[in-house]
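Undergrad: I'd like to go over a predicted model; first the sequence, then the structure.
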Amino acid sequence: MTMTSQDADGTRALRGLEDGRASVRLRAALAVGSAPDPRFVDKLVERSATEPEFFVRDMLTWALTRHPVSLTLPRLVGEVRSDRPQARSQALHTLSKIGDRRAWPAITRAVLCDADDEVARSAWRAAVVLVPEGEEAALAAVLATQLGRGDRETQRSLSRALVALGESVTEVLEAATAAPAPHVRAHALATRRLLRDPEAGFASAIEEAKRVVALGGSGPEGG
């Protein structure tokens, strides 16, 4: 393929990312990821911030992972500070897929406590992937401040992030089981259950925890 035809294909693919049909945008993102070009990075990041369809956003993330980290990392880190929640969420999601720990400084306390639940969930997932060795306990302490937050899906995401940190979360979870707020205690108990029994489902763990809290308990110390 000549350079001219490559340029034409690239231009066509970039135009396709703006098409009104999701199927066309999906194929365009696939094409861009299949033939990486540094000139595509900015457009991929920009489109990630506005793309309405989940499956297309996922393909945009894949396309970005196909490009050099030296180009994508700075652009994505910048997006973490965007005013647009979707831009922040998608940037964090993509950083978690790239998995380069040089992005860790972007995962600040403010990011982990973002008021937007979707952004926060993406931040929690990214954090457990990017956290440097030895900083797990500090991360767990910040994540524990979010216990009891949001709907069941948000709480499930936080529990998964905490469980992924392993034994470094034990101390903060134990402290949270004595929190004044019942919903925080219940979430902490459910997460502790999942840490000890990874096969347990979140739905059953949280319902059991709510019953324990309603009865005025904090759960068995050993299980």
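TA: Done, it's in. Numbers count the residues shown, from 1 in each chain.
Undergrad: Helices along the chain, start to end?
TA: For the chain, the helices defined by DSSP state H cover 3-16, 22-34, 41-48, 54-65, 69-79, 85-98, 109-112, 117-130, 136-144, 152-164, 170-176, 182-196, 202-214.
Undergrad: Going by mean pLDDT, which of these comes out lowest?
TA: Among those, helix 3-16 carries the lowest mean pLDDT, at a mean of 73.
Undergrad: Could I get the helices of the chain in a markdown table, plus columns for mean neighbour count?
TA: (C-beta placed from N, C-alpha, C; glycine too.) A markdown table is the format used below for the helices of the chain (neighbours: other C-beta atoms under 10 Å):
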| stretch | mean neighbour count |
| --- | --- |
| helix 3-16 | 13 |
| helix 22-34 | 19 |
| helix 41-48 | 20 |
| helix 54-65 | 20 |
| helix 69-79 | 18 |
| helix 85-98 | 24 |
| helix 109-112 | 15 |
| helix 117-130 | 23 |
| helix 136-144 | 19 |
| helix 152-164 | 20 |
| helix 170-176 | 17 |
| helix 182-196 | 23 |
| helix 202-214 | 17 |
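Undergrad: I figured Ser82 was touching Ala91, is that so?
TA: Yes - if you go by C-beta atoms under 8 Å, Ser82 and Ala91 touch, sitting 7.3 Å apart.
Undergrad: residue contacts, Val163?
TA: Contacts here follow C-beta atoms under 8 Å, 6 or more residues apart in numbering; on that basis Val163 touches Val169, Thr191, Leu194, Leu195, Pro198.
Undergrad: same thing but at 7 Å, please
TA: Listed by C-beta atoms under 7 Å, 6 or more residues apart in numbering, the contact set of Val163 reads Thr191, Leu194, Leu195.
Undergrad: any idea how far the first one is from Ala144?
TA: Between Thr191 and Ala144 the computed distance is 9 Å (C-beta to C-beta, to the nearest Å).
Undergrad: now Leu112
TA: 11 Å.
Undergrad: One more: Ala91?
TA: Applying C-beta to C-beta, the value for Ala91 to Ala144 is 24 Å.
Undergrad: And for Arg156?
TA: Taking C-beta to C-beta as the criterion, Arg156 is separated from Ala144 by 16 Å.
Undergrad: same question, Glu167
TA: Applying C-beta to C-beta to Glu167 and Ala144 gives a distance of 14 Å.
Undergrad: And Gly134, by the same measure?
TA: 18 Å.
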